[in-house]
Structure formats: C-alpha cells, structure tokens
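**Q** quick one, what's the 3D model for this:
(chains A and B)
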There are 2 protein chains.
Amino acid sequence: MSRALLAFAAFALAAGTARADEGMWLPNEFPSDKVQAAYGFKPDAAWLDHARLSAIRLANGCSASLVSSNGLVATNHHCVRQCLTEISHKGDDTAETGFLASSPAEEKRCTATEADRLIEISPVTDRIRKATEGKQGADFAAALKLETAAITQACAGGDEKLRCDVVTLYRGGRYDLYKYRRYQDVRLVFAPEDAIADFGGDPDNFEFPRYALDVGFLRIYENGKPLDSKDGYFHFGEREPLPGEAAFTIGDPGSTERLFTVSQLLEERNVDLPRFVAYLAEDRGILTEFTRRGPDERRVGEASLLGVENSLKAMRGEWQALSDPALIDGKRKAEAALKGRVAADPALAKSTLSAWDDIDAALQRHRALSDRAFVLLRAERYSSRLLNYALTLVRAPVELAKPNGERLEEYTDASFPAQRQRLLAESPVSPELETVTLAYWLGKVREILGPDDPAVHKLLGMQSPEQLAASLVKGSKLGEVAVRKRLLDGGPSSSDPMIAFARLLDSEARPVRKQIEEDYEAVLDDAGGKIARAQFALYGNTAYPDATFTLRISYGAVQGWDEAGKSIAPLTRFSGLFERATGAEPFRLPARWLAAKDSLTASTVFDFATTNDIVGGNSGSPVIDRRGDVMGLAFDGNFQSLGGDFGYDPALNRSVAVSSVAIREALAKIYGATALLDELGTAPAK
Amino acid sequence: MSRALLAFAAFALAAGTARADEGMWLPNEFPSDKVQAAYGFKPDAAWLDHARLSAIRLANGCSASLVSSNGLVATNHHCVRQCLTEISHKGDDTAETGFLASSPAEEKRCTATEADRLIEISPVTDRIRKATEGKQGADFAAALKLETAAITQACAGGDEKLRCDVVTLYRGGRYDLYKYRRYQDVRLVFAPEDAIADFGGDPDNFEFPRYALDVGFLRIYENGKPLDSKDGYFHFGEREPLPGEAAFTIGDPGSTERLFTVSQLLEERNVDLPRFVAYLAEDRGILTEFTRRGPDERRVGEASLLGVENSLKAMRGEWQALSDPALIDGKRKAEAALKGRVAADPALAKSTLSAWDDIDAALQRHRALSDRAFVLLRAERYSSRLLNYALTLVRAPVELAKPNGERLEEYTDASFPAQRQRLLAESPVSPELETVTLAYWLGKVREILGPDDPAVHKLLGMQSPEQLAASLVKGSKLGEVAVRKRLLDGGPSSSDPMIAFARLLDSEARPVRKQIEEDYEAVLDDAGGKIARAQFALYGNTAYPDATFTLRISYGAVQGWDEAGKSIAPLTRFSGLFERATGAEPFRLPARWLAAKDSLTASTVFDFATTNDIVGGNSGSPVIDRRGDVMGLAFDGNFQSLGGDFGYDPALNRSVAVSSVAIREALAKIYGATALLDELGTAPAK
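**A** Below you'll find the predicted structure:
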C-alpha cells in the first residue's frame, strides 16, 4: 500500500495545492474555492448552513441526517444494530427478521440512543490559552478542565436539552465551542434484515465491490411528538449516482492521527495496535463460539461479535498501513522539514522545539503505565454491561457532588445526560453473555498485569476469572432498570456484589486514569498545541484538523480505483447481489429478497464508491450531491481507506455508500413501506 | 528488554571471548575449553559420548533422556500430554487424574510417539556443495534434494529402524549427516495430574518463580521388550541443585533465527509474527469457549488449547523482543560491519556481496505468496486431524511412487515412517472438535485470501466454512484406524468426502509449496551458505549454528537474575507451591497433593532457573551436573528467554527446570510409585 499524501506533507504545501478530495473540513471553514476549482461548484453559506442543520450526530458514535420535515432520520443499519438487540426477545429476533413501523404508533423507542443537532460553533481558543498559559502536567490538565466547564456551563445554562462541548482541534492548536440541541427520545422506524444489511459479513467488510443495504430509519421525538424539522432536512434523492459527479459527505469522523509525531505513530504501530489486535482476535473467537451455542446466544451475542469483528478488521488495516515503511519515511521527512524551519526561527525555536522531546518523554512515561491503563480503563467499554452500570453507579454520586470543572469528563454537565441515558436504557441483559464477556476481561486483567500484581489480587482474590464472573453476574440485580434507577436516585447503599466489585475496580482505575490525564494527555495537548501553532505560523492555517467526532464536510466524486492492474468500477447493481448470493452465511439472502428477485430492476445501483475522505464515525453520513439531495448513505470504506487514520491516498482511498435509489426500491418492492416512502416524498422544486 | 549479546556480534568476537553461557553447541564440537575457563570442569570425549547416547529426541518436537538401563525415559508432562488425551475416554480423563503403571504390563502405548537416539554424526558438506555448485532456484532445490536422498539412503540402507537426516547448519554454511536409531514402540509409565504438571497454567507459563511438576516417564520397547539401554543412560539425581553450580542441558532446540539478516528479522516482526499471533489468539478464544461446553469437550479439546496458548505466548514474546529497537540496531550494526569486511576482500566480495540482495529479493517474492502459503500450507498442521489424515492418504501413493530424491520431504525414506506412525496412531477423533477446528481454518482461508479468490471458490463452493466443516466431518470415515490403514495399503480409491476435499486442497497447495521451496527456501539456503562461509573465512568457525531440532549441549549455571531492581532467586520450594495455590484454576492443587501436604518436606527444591541457552524443542531436556547426574528436567524459560530466537542476554535469559528431588519426593509420598523409584535407583559408584 502506498500512501503518497501525508498530513505533515499537506502542511508543507501552499493553500490550494493540497491534493484533490483530501480533508475532513470544518463546516465553518469549508474550502469552497477548492471545490469550485475541482468540481465547478462553489457551496455557499446557505448551502453549508443547510447541510449543518440537516446533519445529526448519534452519541453512540455514528452519523445521520434528517430526511423529512417530521424528524425522520436516515442512518446505517449497523448504527441501530444495538437497538435491534434491545427490542428483540426470546423467539423473536428483530435483527434477523427486520423491522418496519407502518405508523408512528408502531415505532419502538431506542432507549439508549441520543441524537444531537449542531446549532452553533464559536471560537474559545483565547480563553483556553489564557487559562492554561505557562501551566504544565497536572496544573495544565486542571486548568483546562476548569475553563472548559465554565465555558460549557455558560453555554448550556443548565438546560439538559442543550449539549455544549469544547472541542480540541489540531491536537491543541485551537479550541471551539460546539452547541447542540440534544434529543433522547429516538424511535426505530425501519431496519432491514441483518442478512441484507450486512450481506457479505466480515469477509466483505471494508471491501468493495459491495452489496449491502446498510440503512436504518429513526425518528426524533420532542415532547412526545415527532420533531418539526422543517428548518433543515435533506431530500432523499431519487436518481442514481453518476460516475465522476461531485459528492459531499456530511458527518462526524471519529478520530484520526494524521498530525501525530513519528514517535507517536511508532508507539501506535509497535505497542498499542498489536496489543489491541490480539485482545480483539481472542474476543472474536470467544464470541464466535458463544453465538454458536444456539439461537438465543446468537440473538444476544451477535451485535457484540459484529462490533468486535469490525474493530478488529479496522485495526489490522491501520496496523498494515503503519507497517508500510514508505508511510513512516514520509512522515519522518515531513517532520524533519518542519523541525528544520522551526529551528531556523529563533522565536519559534524557543517556544516549540522542546515540544517533540516533551511528547517522547510522555510516551516513555505512558509506556510504563499502558498495560495497566489498557486493562483497567478498558473495563468501562469492553467488559460486561453490568459492570459498566455498577461503575457508573459507584462514581456518579462522588462525581456529581464535585464542581462541574473537577469531575471526570463523562460526569460533567455536558456529558452526563448521555451517560445517564445509557444507564437507564431498557436494554435486556443476558447473564450468559455477561458472564462470558466479564470472564474474558478478568482473564486479560490477570494475563496482562500478571497473577502476582496487587491489583489482580485485590480484584480476583482466590477466585478464577470464570468463578468470579459467574458469581458477580449471578448475584447482581443491576440487570433491572428499576434497581439502577433507585440506586442512581440515591437509594440506600447497595450490597449488590457487582457494586462492591466496581468499588474495588474504581480504587485501582482512578489513580491510573489521573496519571494518564496529567502526565500524558495534558503533555500531548500542550505540546501538540505548540507544534500546531508553529505550523499555522509557518504555513498558514489552510489545513483541516484531525477528526474529533464533530461535524466535518468532505468533498469528492463518485469514482472507482485501479488496483494491481485491475480497474474497480464505482457502482454495483442489484444483479450483482444475486450473483454473489451463495445461500450460505454470510452470503445468504433473506427469503423476502429471494421472493422479490424478479420484481426488482436488475440494473438499479446498489452500493457505490466515492473519493470522500471519511473514517469510522462517519457511518450513516449522507452522501449529497450539489443540489443537497441524498445520493446515498456512507457505511464503509475500502480496505485501503483504513490507512485513513494516518493519511489519505487519492489513488486508493475510497468510501462506500448504499444508494438512495436502492433503498427506495427495496422499501417499495420488498418491504411495502408505503408510509415511509410517502414521507421521503419526491424532489421539491428548487 | 535489552539484548546486549547478538548472534552476529558473537561472530565478531575472537574464540574464547564469547560471553559465558551463550550457545547451543554441537555435541561433536563442544567448547570444553570455555567450560573449563568458566566452571573449572572440562567435559571430555567420554563424557560427551555418554551424554549423546543417553539423550533421546521425541519426533513430536520434544527432548528426553534415558534414565535406567531398561529403556526408561524421562521427559516433560507436556511432551506426553497428547498421549494422555489418546488414552482417555468419556468419563475417564487420564490427563485430569494422572497415570501410573505399577508394572510394565500396565504401561500404555503412545501410538503416535517416535523416539530417536543419535548414534553417529558425519560431515557431508563437500558432497552437497559439489552437487549444488553454481545452481540456483529450482535447480539448486532439486540438486539438494537429490543429493540429500542419496546420502540418507546409503546411510539407512532401507532399514526403517534407522533414521538418517542431512542437517543444514549455519543456514547453509555446513551440512552434517545424523544417524539415529528409531523406536516407535513407546509406552507411558507415569504422568501426574494436569493440575500439578501445569500448575499456574497460561499465567505462569514462561514465567519464574514457578511451581510445576512438568514430568512424564515413558519406556522404549524393542521387539516387544523394554530396551536394553545399559550402554547409555543418566542417573536420575538425588540431591538438590546448588545456586552457582555448573549445569548442562542435553537436548534438541527446535529453531532459532540468530543468523537471520536484518531484512529477514524485519519481515518476521512486521509480517509473519503479527499474522500468526492474530491467528492463534482467535483460535485460543474458540478453543477456550469450546472446552467450556462441558467435561467431554474439555477432555478432547484441552491439549489443543494448551498447545495454542503456549505458541501464542511464545510468539508474543518473540514479537516483543523484535520490537525492541536496540535489538534491531545491534543486528544492523553487526551486519554492516560484516558487509564492510566482505566488501574489503575482493574474493569474498565477488562470491558473497550479492547474497544479501538475493535474500531481500526472495523476501519480496515471498511476501506476494505468504498469505497463500500461510493458510494453504498451514492446513497440514493447524486444521483438523481428519484433514491431515486425508492429505497424507492422497499424497502418499503419489509421492512414494517417485524416486526418493524427488519426493516431498515428509515422504522420503528418512521421514515417512514417523508420518505413517502418526497416520495409523490409535488417537480417538472427536467430531465436535474436528468440526470446530476445521471450520476455523476454513474461515481463515476465506478471510485471508478473500471470498473472491479462485482457491476459495474451489474449496468452499457455495458453502460456509461451518457448513463445509460439518458435512466433511460427518461424512468421513477416516476417524477409524482400520479405514486409514486400508486406504494406505492401497485399498480402492475412496469416496470419502474428506479425501475428495484433500485432493482439492492438494491441487491448490502443491504449486504454492513448490514455489516457496524453489524461489524462496533454495535462495535462502544458497545465500545463507555464502554468508556463513564468509564468516568462517573472516572470523574462524568458533560460533554455534542456529538451532535445527538436533542434539545440542548448553552449559551454564544454576542462577536467578535481577529485574527492575528486584532479585529473583534461582530455586523454588514445595512450601511456595502451597502458598500459591488458591484452589481456583489454574492454581488448584490435585486432591492427592492437598492430602499429602504435611508429609512433604516444605524446603524441598521444586523448580529452578539456570543460565542455559535453550529454546522450544528443548522441553524435556535433562539438566545434568558435571558428574552426569540429572538435576532436573528443563521445561520452560522465563519471559525474557523468548527473545532467545534472536539472541541471548546473559543478564536475563533463564531456562526453567523441575528438580529431580521434587520428582522423587512426589513419586514416593504422593504417587506411591515404588517400582519406578526402584528403577531410578540410587547413585552408582563412580
């Protein structure tokens, strides 16, 4: 894999010469001139505002968009997959059968889903800089936290319907305040069967040509009624995407590391990614065999398995990209050039030259702690749901009693509503799956820290991971929402064994987290900010920042690519789907699709590839044309796009979307979704 | 991890200055002078001959030694673990309960076990060199094969009781002929319970301090009677090892890569090891969850799981060693120095300088093929047993019809007897485990080659890996020894579905293997030989060759090490075992041990660490003192020893053995193994 265009290299180029189509651009600093030069179309302020208002961010890590005036939201199937597990029951696997609400009354609430709509962006760099100036380490971290809390508090004014975040851009080079309207009543309208939404499964994931109907529709409710979204929504297009035409993705790429220093990249390649790949690979094996136990295990475990498989393949792609010596060499040269220019400027040299050494020293300190951080802090995302609940219940009273500016981030006024929503979501808990996932994580705690580590002794006592997991899950009542609610609302101190265990874990994890935040993250913010400011000074502020799970717009075109002498066409069609279907998992078509085969138009464009520069987090992003109509929903990238964490190669990096026409045709001919199609409507006169 | 001493560096030192204790020395070129200098004892020819004759190599990849005049063999428990699964039945898990034959009549045959005793070594470098001179690629490979076959055929003279191998030393710098007496009637005498043999399980594997009774006793039979081994056996010692005293390990280290070029090491680090680690990690997850299904699944799957866990931890250790920039830097410097000296000598420059480029070009070619080779050739070792049987049955008639010098290596006269023994071994086959392992491998074939690869289409057809695995296993009769025997003996062409599948696989795997042998391995042999000869010319022949699973002797001392400011003592004692036992897996003691606790001497030395330079393949090696008495059996190394593939660090690299005194005390007080103890006897007068 060759990655000719690298982020540092981009900084070294003058404005306007950055290679076509690279970039996850800020909505308030969109390079309309570049688009004009490349595609003969210049998005104006109204176009950009409309795009921003029509975009929706899902707090679970996905993108989406409004596609009717009544709060209808289009996103990917895999972005609502967890909700499907939520509303499934023994003997009734909604993920397997698909779901369609024929009327609003039939829509089912996704109790863990938060949808955010971005209403304002404002600059706060000066305030943050002033508050943190001259501070280091723990002082820097504390000042940053305090000022951030003050800014967001003033912004939201205690109104939980608003969400205000201070976003760190350019790795500390700039801070902006993002103000969202927050919606926590989100309901499921439509989802196709797993078998067609994820057709091709893991083998086809991150690949193209592709044949997947990765779509799900939600509806946002406000005060018990569908949201009035007349002020901003996309028309869900009715025509095929055309090879070569301009395409825009509007969404929230999660995170990239294009501005990482070489030493950070090497740490990622040599330590962080391999450890994580091995962790996920084994987890995949466990979950694969677990879901084979029977249909119930499959129903409760499939979403977790899909998530692990997706992360695993993504990380292997990232690791592969970083293992290409050309990438590291390119980064090394660009870094050397920047350092050289910094060194040649006495003022910049004084303010900035030590930043690289500071980062290296922070990496050294982090290395000593990273095993511990990996397993102990990971519990919050990768162990069992019950343990997550327990941790939140243990921490919430402690954190919420502190001033907003001193809390752990997820307990701040800005973040806690989403956290509370997840805690009180009506997601059924499977004791079998809980036991397996908790035992796996506990086993890794022991494996990675070693059986003689004091923390391991404290957590496991005389029990094996399997024994402890089984007894904690069996003894815990936290699977019941009412119990969690009572405890959150300040019920009597609990004797629940999972709560007791979470207290032990909290006592071990907190100091590690504190040390990571103060000795590592604060240094990276501080040093990263210095490097970014030097770049602004030397090259001007013409580049886009690394992804931050905030709204970005990417421009590009419907386009295939050439690989190993083979030309990959940008469009796939329904006919190809039926050719690829073997009848065996994961190439098995749902019965409805087989039955409807003859009624479908074989030539309808199904999925398509574009040059848009997107990464994980963009899942569900609308791909719109210059009119602002949805041509499709981005749901993936090709395998080469996995190097997108570190750079963008215009020759190879492609995003993958499911077309609006395929979705419309399936809704009409396969799902009989008349009401939904009516709501999507026909193109308004423009 | 710091690895100051590297293999290329060793070449750069004059004889006698190589750092103490490094080296896996050829038994016929043992540096007795160095031992004399370091330990004041000079092993003479009689001592070395006695050691060689007392050593036994197990064809399954382990080392062992004769410890009585009646063919009694001591090795590790984990070297007989597969035999324990073989003789276990539903409801009677011998691995769980342990095994003791009170008399020869009760000894149970390990039908898959071959034991080899080395009786002669002779030089054949000149013959090989003459036969391959001036040849390259396919010609080189063919000539090497032909001459090797001619040499081994003349050596064994068609007698299957002899095994003759041409061993490639110094990566092609030298060839020696090894002549073994081959024994295929090997019976189990004693094995303790899994729980004490593998006490500490995966968490304690490759760690020290350690508390494991990793011992198993076998007996070699000849013509139905215990082997008369009066001509060479070790006395099984009766005294504790003393810190600081000299220790020798006699055994067969499997393979090391200390003479690899830098580019070979980088390929290993960046491509081969990570791919393998991910493969094994997921396999571990699958097998972990499989063995949790119930006691039957545990009985049939536990040995596979232990094997996978062991390989996984070993490879992670190797990967970690290679990720230390200091190691690669050291290798780079040593290589540059060698290249510099080669370039300065016109004759050497002409003959050798291109060798590094040849290796790099071969790596490039290999890279393009390595995914395919990984999955298709791996089937022979990592997929199901039934598929292995089928492949052997498909290939045997084809290969055996060819002249000896043109066959695939495992079908040559030298190798086929061991292959046939495994094929006809009475190992029960578990259809459940077979299905799971076959499905896993088939899934990886599809994942790694991609679902659109022609080979994948040919092998899977329209089926999923799970479907195909289930139908092949269900339809196959190859689980019955009689069926396999009939087919091997030339029964009618089989309609067994596994045979049919093996034919498909053979048609895909053969060309890959041929290409690997001709375009890659032959080039490495040729170029490696050139580099080695240059080293001999420049530095003299004072270094040991990389490990080749042939007999080596290592010298060292009973010694702990210092780590992170902590001093690790070289001995552990029974008292420590009872302190470490939590009652939970894998720190659970067998009932007999708990019952006998008070009768055991708490201070008895259990396991001990030495500085001997050993790697995988040495498992079961006797650790002998200068008298030639067995002080213990090597069964492991510390985590730092996993870098031993690439170099030896005298400060950190330690091997781990179980002491003879611990074994004797357990046999006496826990197992009541009176006859066995009688046979081990007391020290003979010397």
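
**Q** show me the shaky parts of the stretch 351-500 of chain A.
**A** Across the stretch 351-500 of chain A, the ranges flagged by pLDDT under 70 are A:380-382.

**Q** return stretch A:606-613 as PDB; C-alpha atoms alone will do.
**A** This file holds the C-alpha atoms of stretch A:606-613, laid out as PDB (Å, rounded to 0.1, in the frame of the first residue of the first chain):
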ATOM      1  CA  PHE A 606     -27.000  -0.700  -5.100                       C
ATOM      2  CA  ASP A 607     -23.700   0.500  -3.500                       C
ATOM      3  CA  PHE A 608     -21.100   2.900  -4.800                       C
ATOM      4  CA  ALA A 609     -17.600   4.100  -4.100                       C
ATOM      5  CA  THR A 610     -16.500   7.800  -3.800                       C
ATOM      6  CA  THR A 611     -13.300   9.600  -3.100                       C
ATOM      7  CA  ASN A 612     -14.600  11.200   0.000                       C
ATOM      8  CA  ASP A 613     -12.200  11.300   2.900                       C
END
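
**Q** can you give me the buried ones in it?
**A** A:606-613 (16 or more other C-beta atoms under 10 Å in any protein chain shown). Quick note: C-beta positions are derived from backbone N, CA and C, even for glycine.

**Q** can you tell me the average pLDDT over that stretch?
**A** Stretch A:606-613 carries an average pLDDT of 98.

**Q** then stretch A:84-101?
**A** 91.

**Q** would you mark the buried spots in it?
**A** A:84-88, A:93-101.

**Q** ok, now stretch A:552-565?
**A** Buried residues in stretch A:552-565 (16+ other C-beta under 10 Å): A:552-561.

**Q** in which helix or strand would I find the closest residue to A:I128 other than its chain neighbours?
**A** Counting by C-beta to C-beta, 6 or more residues apart in numbering or on different chains, A:I128 lies nearest to A:Y175, which is 4.4 Å off, once chain neighbours are set aside. Assigned by DSSP states H and E, A:Y175 belongs to strand A:174-183.

**Q** give me the residues contacting the next helix or strand after that strand.
**A** Once the chain leaves strand A:174-183, the next helix or strand it forms, by DSSP H and E, is strand A:185-191. For strand A:185-191, contacts defined as C-beta atoms under 8 Å, 6 or more residues apart in numbering or on different chains pick out A:72-73, A:77, A:80, A:83-84, A:87, A:94-95, A:98-101, A:107-110, A:113-115, A:197, A:215-222, A:224, A:667, A:671, A:673, A:676.

**Q** now with 7 Å?
**A** A:72, A:77, A:80, A:83-84, A:87, A:98-101, A:107-110, A:113, A:115, A:216-221, A:673, A:676 (C-beta atoms under 7 Å, 6 or more residues apart in numbering or on different chains).

**Q** partners of the strand holding A:Y175 in the sheet?
**A** Strand pairing for strand A:174-183, determined by DSSP bridges: strand A:115-123 (antiparallel), strand A:162-169 (antiparallel).

**Q** run the angle between the longest one and strand A:185-191 for me.
**A** The reference is to strand A:115-123. Relative orientation of strand A:115-123 versus strand A:185-191 (axes from the mean of the first three to the mean of the last three C-alpha atoms, to 10 degrees): 120 degrees.

**Q** how big is the angle separating the helix or strand that strand A:115-123 is followed by from strand A:174-183?
**A** Later in the chain than strand A:115-123, the nearest helix or strand by DSSP H and E is helix A:125-132. Here helix A:125-132 runs at an angle of 110 degrees relative to strand A:174-183 (the same axes, to 10 degrees).

**Q** for A:V658, what is the enclosing helix or strand?
**A** Secondary structure (DSSP H and E) places A:V658 in strand A:655-659.

**Q** in terms of secondary structure, what does whichever helix or strand comes after that strand contact?
**A** Beyond strand A:655-659 on the C-terminal side, the first helix or strand identified by DSSP H and E is helix A:660-669. Here helix A:660-669 touches strand A:605-610, strand A:629-637, helix A:674-680, going by 3 or more C-beta pairs under 7 Å, 6 or more residues apart in numbering or on different chains; DSSP states H and E.

**Q** which positions in the stretch 451-600 of chain A make contact with chain B?
**A** A:451, A:462-464, A:467, A:582-585 (C-beta under 7 Å from any C-beta of the partner chain).

**Q** let's see that with 10 Å instead.
**A** A:451-452, A:456-457, A:460-468, A:580-588 (C-beta under 10 Å from any C-beta of the partner chain).

**Q** likewise the stretch 151-300 of chain A?
**A** A:200-204, A:207, A:209, A:266, A:269-271, A:273-275, A:277-293.

**Q** just the buried ones from those residues, in ChimeraX syntax?
**A** In ChimeraX, this line selects whichever of those come out buried by 16+ other C-beta under 10 Å:
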select /A:200,201,202,203,204,207,209,266,269,270,271,273,274,275,277,278,279,280,281,282,283,284,285,286,287,288,289,290,291,292
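
**Q** rewinding a little: CSV for the buried residues of stretch A:552-565, including secondary structure and distance to B:E406?
**A** Output for the buried residues of stretch A:552-565, formatted as CSV (DSSP: H, G, I helix; E, B strand; the rest coil; distance: C-beta to C-beta, whole Å):
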residue, secondary structure, distance to B:E406
A:R552, strand, 62
A:I553, strand, 65
A:S554, strand, 59
A:Y555, strand, 62
A:G556, strand, 56
A:A557, strand, 57
A:V558, strand, 55
A:Q559, coil, 52
A:G560, coil, 47
A:W561, strand, 45
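
**Q** most tightly packed of the strands paired with strand A:174-183?
**A** strand A:162-169 (a mean of 22; mean count of other C-beta atoms under 10 Å in any protein chain shown).

**Q** extract the CA atoms of it and return them as CSV.
**A** Extracted C-alpha coordinates of strand A:162-169, given in CSV (Å, rounded to 0.1, in the frame of the first residue of the first chain):
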residue,chain,number,x,y,z
LEU,A,162,-28.6,21.6,25.1
ARG,A,163,-25.2,20.0,24.8
CYS,A,164,-22.2,22.2,24.8
ASP,A,165,-18.7,20.7,24.1
VAL,A,166,-15.3,22.4,23.9
VAL,A,167,-13.6,20.7,21.0
THR,A,168,-9.8,20.4,20.9
LEU,A,169,-8.8,20.9,17.2
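
**Q** am I right that A:V623 falls within a helix?
**A** No. A:V623 is assigned strand when assessed by DSSP: H, G, I helix; E, B strand; the rest coil, not a helix.

**Q** so it sits against A:A51, correct?
**A** No. If you go by C-beta atoms under 10 Å, A:V623 and A:A51 don't touch, sitting 11.7 Å apart.

**Q** quick one, which of these two is more surrounded?
**A** A:V623 (33 against 22; other C-beta atoms under 10 Å in any protein chain shown).

**Q** so who does that one touch?
**A** A:65, A:237, A:241, A:247-251, A:554, A:556, A:558, A:608, A:610, A:612, A:614, A:629-635, A:655-660 (C-beta atoms under 10 Å, 6 or more residues apart in numbering or on different chains).

**Q** which of the three states applies to A:E426?
**A** Under three-state DSSP, A:E426 comes out as coil.

**Q** grab the nearest non-local neighbour of it.
**A** A:T111 (4.6 Å).

**Q** and the one you found, what's its pLDDT?
**A** Per-residue confidence (pLDDT) for A:T111: 95.

**Q** ok, now the one 4 residues further on?
**A** pLDDT, A:A115: 98.
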